[in-house]
Every structure is written in C-alpha cells, then in structure tokens.
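In: Sequence and predicted structure are below.
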Amino acid sequence: VQPSDVVMNPKQVFFSVLIFGAAGLLLFMYLQVWIEEQHTGRFEKKREQRVASGWGPINYLQPIPRIKPQIPCA
C-alpha cells in the first residue's frame with residue numbers, strides 16, 4: 001500500500017465534509033425541535049397544574065408596589 005493510496009484527493013475531502021456537514025445540520029435541527037417540543041409540553045402541563053391549584057404565574061418584570069415612607073410636612 002502506497003501512502004498516496006491512503007490519502008483522499010481534494011474532491012473526496014470536499015464531498016465528505018459537505019455530506020457530513022449537511023447530515024450534522026439536519027440532526028441538529030431535528031434535535032432542537034424535539035427538545036423544544038419536550039420543554040414546552042412539560043411547561044404547559046406545569047402551568048395548567050399551577051392554575052388549577054390556585055397559583056398564578058408570576059411576572060418578575062413588573063415592579064412590586066412598595067410602601068412609600070410618609071414624610072410629615074413641617
């Protein structure tokens with residue numbers, strides 16, 4: 001076996017990288033959609049349980065109404 005027989009030519013390298021890149025991209029997109037579906041499904045179930053039990057969702061972005069100190073006017 002000659003060393004030149006083992007080494008792939010540039011066209012083979014290009015096509016193998018292209019095919020593995022496309023397969024990896026498709027696998028990544030599929031897994032991303034699958035994980036998002038799993039996450040949102042579990043989240044919807046938890047939210048339904050929380051509403052049924054009387055606990056509402058908390059909005060952390062709204063400011064909490066605080067008691068303002070009363071300063072007597074002199």
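Out: Received it, and whenever you're ready, just let me know what you need. No experiment lies behind these values; they were computed from the predicted model shown. Numbering: from 1, shown residues only.

In: All the helices of the chain, residue numbers only.
Out: Along the chain, the segments classed as helices by DSSP state H run 3-6, 10-52.

In: low-scoring stretches of this protein, by residue?
Out: Regions of the chain meeting the criterion pLDDT under 70 cover residues 41-60, 62-66, 68-69, 74.

In: returning to that earlier point: let me have the helices of the chain in JSON lines, extended by distance to Gln70.
Out: For the C-beta atoms, the positions are set from N, CA and C on the backbone; glycine is no exception. As requested, the helices of the chain are exported to JSON lines (distance: least, C-beta to C-beta, whole Å):
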{"stretch": "helix 3-6", "distance to Gln70": "86"}
{"stretch": "helix 10-52", "distance to Gln70": "37"}
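
In: closest one to Cys73 among those helices?
Out: For the helices of the chain, proximity to Cys73 was assessed by C-beta to C-beta; helix 10-52 is nearest, at 45.5 Å.

In: Run through the neighbouring helices and strands of the closest one.
Out: Where contact means 3 or more C-beta pairs under 8 Å, 6 or more residues apart in numbering; DSSP states H and E, helix 10-52 is not packed against any helix or strand.

In: and the helices of the chain, which is most packed in?
Out: Greatest average neighbour count among those goes to helix 10-52 (a mean of 10), per mean count of other C-beta atoms under 10 Å.

In: Count residues in the vicinity of Ile71, would you?
Out: Look at Ile71: counted by other C-beta atoms under 10 Å, it has 6 neighbours.

In: nearest to Leu61, of the helices of the chain?
Out: helix 10-52 (17.3 Å).

In: re earlier: do you know which of the helices of the chain lies nearest Ile67?
Out: Proximity of those to Ile67 was assessed by C-beta to C-beta; the nearest stretch is helix 10-52, lying at 28.2 Å.
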